[in-house]
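> Give the three-dimensional model of this entry:
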Amino acid sequence: MFTTVRYFIKTSIAFLMLGLLSGLHMLYAMKITKSGFVPGMITAHTHMLLVGFVLMMIMGVALWFFPRAEKEDKRYNPALIWITYILMSAGTLLRFSFEILNSYLVIQFFDIIITISGTFQVLAVILFFYSMWGRIRSVGSHIREAKGERF
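As a prediction, this is how the structure comes out:
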């Protein structure tokens, strides 16, 4: 497993922990202290789990398992994968943090940061799959399929 893959996977696990802890916080607020929680916690919690954990884990595993890029593939670029990692990690952490802050303090600037961080995430996904597109190919299964083998 190479470095970029480890970063994607370990960061997704860290985001899982943040998502679980925010969910536990909401559970305690509802059931134990009966104090309730700010609505932004739902968005932050769900976003951290689905985008931060699930999507980043998928990206890391795809990077690890997909066949190597062919020599002629001009789209795949390890530097671009690092950029997507940075955009995705920063965008997710900013979105999580400012969704919570925005629930306590309604400041227009927070809405701008939330929108920018969401844009970072979308851009990261687009760049990642643009770069990975050539790696989504058969590496021998087409030969077995031609011989009549079914999967």
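> Identify the residue spatially nearest to the residue positioned nearest the centre of the chain, adjacent ones excluded.
Of all residues in the chain, the one closest to the mean position by Cα atoms, centre = their mean is Met56, 3.2 Å from it. Distances taken as Cβ to Cβ, 6 or more residues apart in numbering put Ser12 closest to Met56, at 3.8 Å, once the chain neighbours are dropped. C-beta: built from backbone N, CA, C; applies to glycine.
> repeat for Ala62
Nearest in space to Ala62, with sequence neighbours left out and distances taken as Cβ to Cβ, 6+ apart, is Met132 at 6.3 Å.
> Now do the same contact list for that neighbour.
The contact partners of Met132, taken as Cβ atoms under 8 Å, 6 or more residues apart in numbering, are 62-63, 66, 76.
> Relative to Thr84, how far out is it?
Relative to Thr84, Met132 is positioned 9 Å away (Cβ to Cβ, to the nearest Å).
> now Ala44
For Ala44, the distance to Thr84 equals 22 Å [Cβ to Cβ].
> quick one on the thing from earlier: of the contacts of Met132, keep whichever come out buried.
62-63, 76 (16 or more other Cβ atoms under 10 Å).
> Take these and keep only those in helices.
Counted as lying in helices by DSSP state H, out of the buried ones among the contacts of Met132, are 62-63.
> just for this structure, where's the confidence low?
140, 142-143, 151 (pLDDT under 70).
> buried sites along the helix of greatest length in the chain?
Selection of the longest helix in the chain by residue count, based on DSSP H, yields helix 3-31. Residues of helix 3-31 classed as buried under the neighbour-count rule (16+ other Cβ under 10 Å) are 4-5, 7-9, 11-12, 14-16, 18-19, 22-23, 26.
> which other helices and strands contact that helix?
Secondary structure elements in contact with helix 3-31, counted by 3 or more Cβ pairs under 8 Å, 6 or more residues apart in numbering; DSSP states H and E, are helix 40-47, helix 56-65, helix 78-104.
> Off-centre distance for it?
Distance of helix 3-31 from its chain centroid, counting by Cα atoms, centre = their mean, to the nearest Å, is 12 Å.
> Run the angle between that helix and helix 40-47 for me.
With axes from the mean of the first three to the mean of the last three Cα atoms, to 10 degrees as the basis, helix 3-31 and helix 40-47 are set at 150 degrees to each other.
> how far off helix 56-65 does helix 3-31 point, in degrees?
Using the same axes, to 10 degrees: helix 3-31 against helix 56-65 is 160 degrees.
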